[in-house]
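What shape does this take:
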Amino acid sequence: METLNSMRILITNDDGFNANGIKSLKKVALEMSTEESIFVVAPSANQSAKSRSISYKTEFHITKKSDNQYSVDGTPTDCIIFALDHLMKDKKPDLILSGINWGYNLAEDVFYSGTVAAAMEGADRGVLSIALSQAYSGAEKGLNPFLFAEKCSSKLCSSIYKNFSLSLKKIAFNVNFPAHPKKRYPDCVKIAPIGQRYASNFAINLYAKSENSYMGKIDSINKNSSSTPEDDYNSCLAGYITVSPISMNFVKERSFKELKKVQF
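Numbers count the residues shown, from 1 in each chain. The predicted model follows:
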């Protein structure tokens, strides 16, 4: 693939500045651009499931690690705001890549994911943004789980950029790589809508410390399913790379029309 020397790419994630997924994503970006045109701004610690949380009216520390690389003691959205409002204020990035997340972000995950939130913040500020996540099965111990994503991402992201950088406004793309690809790239790519699980993907485990004191821990539910066969959830788990356009427009047209008929 030819290097797009002029492309400025901003990389972030929610797993943290030192996460393996962001190292893989930088390899991907280097296939699309050059070292001096790639910026990394990521949380200093894991910020998974922080959604679009920001450190509102709260000071946070920013550390310059090297040229074009910064660690932020805040959320993924904090990282994008810092990058676009300060670091790259005079010359915005052409593309924002968020990830590669350790674990998929499918169906309702898009509302919780810090990886997706960073892409949404970038898109909302007018920069084409792509969130990338890697599903895993638990059988990858000792192996690099991001190898398949590393192999495919530059081609996939370049295609999205070339086709949509000038046309779509405030739209982000949510990309999920399967744990076990069903076919070779690009035959394994499927454009899929965001799904909806039958039940919430989270549950709380609780135990009592005393009569009025408890400890709780929220975790994901291992056994769950989605009601739509061709959605991102079912497609990715079936071995496909799913690509889903997403935006901040949460309005349900039918409900909106019905609500306007209500007499208050």
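
A strand includes Lys190, no?
Yes. Lys190: assigned to a strand according to DSSP: H, G, I helix; E, B strand; the rest coil.

Would you agree it is in contact with Leu237?
No. Using CB atoms under 8 Å, Lys190 is not in contact with Leu237; the gap is 11.7 Å. Placement of C-beta: from N, CA and C, glycine included.

What's the local residue count around Lys257?
9 (other CB atoms under 10 Å).

Does it belong to a helix, a strand or coil?
helix.

pLDDT value on it, please?
What the model reports for Lys257 is a pLDDT of 86.

Only C-alpha atoms, please: export stretch 31-44 in PDB.
Coordinates of the C-alpha atoms in stretch 31-44 are reproduced here as PDB (Å, rounded to 0.1, in the frame of the first residue of the first chain):
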ATOM      1  CA  GLU A  31       1.200   1.800   6.800                       C
ATOM      2  CA  MET A  32      -1.000   4.700   6.100                       C
ATOM      3  CA  SER A  33       1.300   7.700   6.900                       C
ATOM      4  CA  THR A  34       4.700   8.600   8.300                       C
ATOM      5  CA  GLU A  35       6.100   8.700  11.900                       C
ATOM      6  CA  GLU A  36       6.100  12.500  12.100                       C
ATOM      7  CA  SER A  37       2.400  12.700  10.900                       C
ATOM      8  CA  ILE A  38       1.100  10.300  13.600                       C
ATOM      9  CA  PHE A  39       0.100  11.600  17.000                       C
ATOM     10  CA  VAL A  40      -0.700   9.400  20.000                       C
ATOM     11  CA  VAL A  41      -2.800  10.800  22.900                       C
ATOM     12  CA  ALA A  42      -4.100   8.200  25.200                       C
ATOM     13  CA  PRO A  43      -5.100   7.700  28.900                       C
ATOM     14  CA  SER A  44      -2.300   7.000  31.300                       C
END
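
what comes up buried for it?
Of all the residues in stretch 31-44, those buried under the rule 16 or more other CB atoms under 10 Å are Glu31, Met32, Ser33, Ser37, Ile38, Phe39, Val40, Val41, Ala42, Pro43, Ser44.

Inside strands: which ones of those?
Judged by DSSP state E, strands contain the following of the buried residues of stretch 31-44: Ile38, Phe39, Val40, Val41, Ala42, Pro43.

so the fifth one sits right up against Asn13, yeah?
Yes. Under the criterion of CB under 8 Å, Ala42 is in contact with Asn13, at a separation of 5.2 Å.

any residues in contact with both of the two?
When contacts are counted by CB atoms under 8 Å, 6 or more residues apart in numbering, the set common to Ala42 and Asn13 consists of Ala19, Ile22, Pro76.

confidence score at the nearest residue to Ser247 once chain neighbours are set aside?
Once flanking residues are discounted, Ser247 sits nearest to Ile171: 5.2 Å by CB to CB, 6 or more residues apart in numbering. In this prediction, Ile171 carries a pLDDT score of 92.

list the contacts for Ile171?
For Ile171, the contacting residues are Ala123, Leu128, Phe164, Pro245, Ile246, Ser247, by CB under 8 Å, 6+ apart.
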